[in-house]
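Visitor: heads up, no residue letters with this:
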């Protein structure tokens, strides 16, 4: 890459998609705040949305449009700076107004437009300024790595950097490309249905039907976006959209391991980038829970640890206070036997049989926790259930960022 | 009160209890760290313990002793600075050693001793230094307001101030006194069974049977200690103990409203003092949830709000970002209809029908939230369920305190 603005190499971009990013005027900063994807032909689509019962207006419209179109999308229209959530009927009208204007601009049906919004909740979305920006977006849209990079930047809010990932696989002798972009740094405790605070858009040039796409997406999300948490606040706007343009001349049916693995890799990379760029984060922690009675139990323990203010502040201080981990395991709601619990920080055994390990070395543990990234392995001795989960510490900087958001 | 060290007036102290507080040497600070209560005759007792599945050694011993004694306690022995939790068999032996020595010192049965510990988890408790301090405690013990005050101070850890509350009621023409002391400033998300991170000791001079005491205690705890949260971390050591000395010549059976009201008032005062002294707290927030389908639903929403880092950091910034409240309501797991939700900050209507109220005045809302104490009322429009719950903001100071605890 010779251009500093490029987030991926030109040959990594799936064919069939054009990208645009313009400044409509929603962000006070004047940075690009309206990002569009235009599929050159109707793309197969699958989407997952937040499990929050309060759902932003664009998610209501997305469900309607996906149902009417049978999972076909021509235009994705993402504004950043305003979540268009808790905005009532006016919010729904605003979302529909943007879709209607985008359909007219790009020559498709209104129900082939997929809107997304991210930013502050409860403030009316000024649809007219997005509508006014559509002609400029149409002029600019191109199927290039430059434009993809611009798209990836325009969807950001409190993120400090753009997040993209790519992968390829070979299907029937043909190369299939997958590329994704996402945003998210706070209000991150994704719970997509079937079980995200983030917006993620993943593109492929494979030939795929919407139902097949949906199956791959559900599998990929569970082990990626649904396995990370920053603050445990499940957003009202979380959306993951997977689009297939069919330009690669390679058909992917259900059960193609090479495609599944490539998609999983892209989603996991994006999810980990969200954690790494979490608000005020100074440590990224991989939790490995093993020996639970079930995978669900392992996951419940990982989430309880990931949401414990006392555990997360100890991490901020590089503090090997493993008693806080024991307390969180204990109140997770999962049936455990404290005397069976073992805890390792990387290769350092910290806790054995529920008590301090005879090998416990506080100075070594403290040094290990000074690293930006570390692993904590907890073995429960109850069964074969396990999970991997990624989370962060809780720092003063997180408090500063979130105590000064709208005022 | 002429003595600055007195936390209650001499005539507010229930008869029949002597108090002592000595420096055994567990706290590095050299402050008193071993607090004792000696009932002059076996007191009727009822206790509730944390719902955490990891339970500190003293709680295991307490359950055994209460079962063996049939709810009779002669000595309460509380050490601060070490939680004696996640300490395995050695921890149990240490707790028993202290009880055995206390029984010998004060002339009672070992199973009439009720031990408690609070402080760091996972560090062996040096029983011998507590045992060595017992003779000094015996010398010092007196049934005075001074000694009660010293007890209330010696049980503290990160608390910035002692917490006591008193009440009286008249039963059959006789005055019954209730006085309580508690500690707790972090790891506060009590879940006592039937649904505490805190230690609370409440004393009365009424004549009461243990089973009757238990009934009153359960009722009082639900609307006090179980209705407050600072960080949502449910401790491994939470204990509430209620003792009745029978010195007042006034018998209280089940269903005596005057006694129940007085006990509730003492427990609620203690619980609110814990919230007010929460680690790094700059705002105390009363949540009033109304119109839920059930009281349990109201409670689930209150707890979700009370544990949301985004909501709590907004409060730290006096930030009227009510969208974060809507998001928390939405991911609480409770079935709600967003379009029915109304939110008030004190008398200020913020949200109507799930959207920004036409009366919303950001400057006025911001000014209201600058107060140290404020109320948020949320009306759901689903039924008659309601609750009141007290919680705090999440500040940089909380992070500083908890990032530097043991290192």
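Guide: Received, thanks. On a predicted model such as this, the values are computed, not experimentally measured, just so you know.
Visitor: how close does residue A:303 get to residue A:311?
Guide: 12 Å (CB to CB, to the nearest Å). Heads up, the C-betas are built off the backbone N, CA and C, glycines and all.
Visitor: these two: who's more crowded?
Guide: Higher neighbour count among residue A:303 and residue A:311: residue A:311, with 26 against 22, using other CB atoms under 10 Å in any protein chain shown.
Visitor: can I take it that residue A:49 is in a strand?
Guide: Yes: using DSSP: H, G, I helix; E, B strand; the rest coil, the secondary structure at residue A:49 is a strand.
Visitor: residue contacts, the residue nearest to it when sequence neighbours are not counted?
Guide: The shortest distance from residue A:49 to any residue other than its chain neighbours is 5.1 Å, reached at residue A:59 (CB to CB, 6 or more residues apart in numbering or on different chains). Residue A:59 is in contact with A:49, A:50, A:236, A:237, A:239, counting by CB atoms under 8 Å, 6 or more residues apart in numbering or on different chains.
Visitor: now do the helices in chain A.
Guide: A:57-69, A:88-106, A:127-140, A:145-154, A:210-222, A:257-276, A:295-306, A:309-316, A:322-330, A:362-369, A:396-403 (DSSP state H).
Visitor: if we go by neighbour counts, what in the first one is buried?
Guide: This points to helix A:57-69. For helix A:57-69, a neighbour-count test (16 or more other CB atoms under 10 Å in any protein chain shown) marks A:57, A:58, A:59, A:60, A:61, A:62, A:65, A:66, A:69 as buried.
Visitor: repeat for stretch A:140-159
Guide: Of all the residues in stretch A:140-159, those buried under the rule 16+ other CB under 10 Å are A:141, A:143, A:145, A:147-159.
Visitor: thinking again about what came up before, so which of the helices of chain A comes closest to residue B:346?
Guide: Proximity to residue B:346, assessed across the helices of chain A by CB to CB, is greatest for helix A:396-403 (20.0 Å).
Visitor: any residue of that closest one touching chain B?
Guide: Yes: using CB under 8 Å from any CB of the partner chain, helix A:396-403 reaches chain B at A:396, A:398, A:399, A:400, A:401, A:402, A:403.
Visitor: tell me what the helix or strand bottoming out on mean pLDDT in chain A is packed against?
Guide: Sorted by mean pLDDT, DSSP states H and E, the helices and strands of chain A end with helix A:396-403, the least confident at a mean of 86. Applying 3 or more CB pairs under 8 Å, 6 or more residues apart in numbering or on different chains; DSSP states H and E, one finds that helix A:396-403 contacts helix B:309-316, helix B:396-403.
Visitor: so what touches that helix?
Guide: The set of residues external to helix A:396-403 that reach it, using CB under 8 Å, 6+ apart, is A:158, A:186, A:231, A:278-282, A:316, B:309-310, B:313-314, B:316-317, B:319, B:394-396, B:398-400.
Visitor: related to what we said a few turns ago, so of the helices and strands packed on helix A:396-403, which one's packed in deepest?
Guide: Counting by mean count of other CB atoms under 10 Å in any protein chain shown, helix B:309-316 has the highest mean neighbour count of those, with a mean of 26.
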